[in-house]
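*Asks:* sequence? don't have it. structure:
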């Protein structure tokens, strides 16, 4: 499963990435380059600089990952979007499953 979220700055992105890896709710996090997000919030169009994260996990660990993101994310309503994987390199997917096993 691929989970997407955005953080307001690089420090927050790195802190969240480290936390989800340390807590074994994700196997890998890609911290992407800064982007500009345009969205409507409380009736106004906003423009914000953000740092996107691509988080790799399993369906079995999604709920725990979401809980960590919600607890540590600085936004009132963080973007958390999970995309199931239709296919992937079997060895890589096995590694993701191994790295996110509880215990």
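*Replies:* Happy to help now that I have it. Bear in mind the structure is a predicted one, so any value in this text is a computation, not a measurement.
*Asks:* can you give me the buried ones in the helix or strand encompassing residue 19?
*Replies:* According to DSSP states H and E, residue 19 maps onto helix 10-22. Buried residues in helix 10-22, counted by 16 or more other Cβ atoms under 10 Å: 12, 13, 16, 17, 19, 20, 21. For the C-beta atoms, the positions are set from N, CA and C on the backbone; glycine is no exception.
*Asks:* where is the longest strand in this structure?
*Replies:* Criterion DSSP state E: the longest strand present in the chain is strand 44-56.
*Asks:* for the record, mean pLDDT for stretch 79-88?
*Replies:* Throughout stretch 79-88, pLDDT has a mean value of 97.
*Asks:* and that stretch, end to end?
*Replies:* 24 Å (Cα to Cα, to the nearest Å).
*Asks:* tell me which residues are up against the longest strand of the chain.
*Replies:* 1-10, 12-13, 16-17, 20, 26-40, 65, 96 (Cβ atoms under 8 Å, 6 or more residues apart in numbering).
*Asks:* could you find the closest non-adjacent residue to residue 38?
*Replies:* Once flanking residues are discounted, residue 38 sits nearest to residue 47: 5.4 Å by Cβ to Cβ, 6 or more residues apart in numbering.
*Asks:* how much space separates that neighbour from residue 93?
*Replies:* For residue 47, the distance to residue 93 equals 37 Å [Cβ to Cβ, to the nearest Å].
*Asks:* higher neighbour count, these two?
*Replies:* residue 93 (15 against 8; other Cβ atoms under 10 Å).
*Asks:* surely the more buried one meets residue 99?
*Replies:* No: in this structure residue 93 lies outside contact range of residue 99 using Cβ atoms under 8 Å: 10.9 Å.
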